[in-house]
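Undergrad: Fold the stuff below for me.
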Amino acid sequence: AAKSLWGYGGVVQAPDGTSWKIATSAKKDTGPATREIDEVVLLLGVEDVKATKQFYVGRGLTVAKSFGGKYAEFAPGQSSPVKLALYKRRALAKDLGVPADGTGSHRIVLGSTADTFTDPDGFAWEAAASLAPTPS
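TA: Numbers count the residues shown, from 1 in each chain. Predicted coordinates for the structure are as follows:
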C-alpha cells in the first residue's frame, strides 16, 4: 500500500488476471484492522468522463460526487451495495500499471433489474434475470 491523494491503497492481481485496487480514504492509522469492507466501488476506466457520466444519468443514476472530467461517482441503488464510479482510462491504467489500450474483458455482469445495454466505452451490462440457469 502507498499513500495517495485520497488515502492509502494498492493494486493486486487475481489469478484470472483481474486487477483489484484496494484502498481506504483514511489518511491516518485509526486503530487495528477490522477486516470489514465499508463499500465496494466498481471503477470503470472511460475515455470521456463527462460524456459517460451523462449517459448513466440518462439511465437514471444519481451523481454523488463529480470532479470535472476526471472522476464521477454515482449513489448506489437501494438494492445494491456496489457504487459505480468513472475515471479517465489513461489515468486508471497508469495507476494500475496496465496498458491504457486495454486487452481485458469489457463484460460486466451485476445483479440488476435494468435492461441489457452497452455504454459509450463498450462496457456491456446484462440484466440479472438473463443469467439465471434454464430449467432442463
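Undergrad: got the end-to-end distance for stretch 56-71?
TA: 13 Å (C-alpha to C-alpha, to the nearest Å).
Undergrad: scratch that, stretch 39-55
TA: OK, stretch 39-55 end separation, C-alpha to C-alpha: 24 Å.
Undergrad: Tell me the pLDDT of K88.
TA: For K88, the model assigns a pLDDT of 92.
Undergrad: Bridging across strands, which residues link to it?
TA: Beta-bridge partners for K88, by DSSP bridges, are V46.
Undergrad: Use 448 as the first number from now on
TA: Okay, residue one is now 448; in that scheme the one you just asked about reads as K535.
Undergrad: what's the spacing between it and V496?
TA: When C-beta to C-beta, to the nearest Å is applied, the distance between K535 and V496 equals 6 Å. In short, each C-beta sits where N, CA and C put it, glycine included.
Undergrad: and for these two, which residues touch both?
TA: Counting by C-beta atoms under 8 Å, 6 or more residues apart in numbering, the residues touching both K535 and V496 are G516, K517, Y518.
Undergrad: Using TSV, lay out those together with pLDDT, secondary structure and distance to A473.
TA: Output for the shared contacts of K535 and V496, formatted as TSV (pLDDT from 0 to 100; DSSP: H, G, I helix; E, B strand; the rest coil; distance: C-beta to C-beta, whole Å):
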residue	pLDDT	secondary structure	distance to A473
G516	91	coil	27
K517	92	coil	22
Y518	93	strand	19
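Undergrad: So which residues of the protein form helices?
TA: Taking DSSP state H, the helices of the chain run over residues 496-505, 536-543.
Undergrad: by how many degrees do the first one and helix 536-543 diverge?
TA: This means helix 496-505. Orientation of helix 496-505 against helix 536-543 (axes from the mean of the first three to the mean of the last three C-alpha atoms, to 10 degrees) gives an angle of 100 degrees.
Undergrad: And the lowest mean pLDDT element among the helices and strands of the protein?
TA: strand 554-555 (a mean of 65; mean pLDDT, DSSP states H and E).
Undergrad: give me the number of residues near the closest residue to A461 other than its chain neighbours?
TA: Distance criterion C-beta to C-beta, 6 or more residues apart in numbering; nearest residue to A461, sequence neighbours excluded, is W467 at 6.4 Å. W467 is flanked by 11 other residues according to other C-beta atoms under 10 Å.
Undergrad: Great, nothing more from me.
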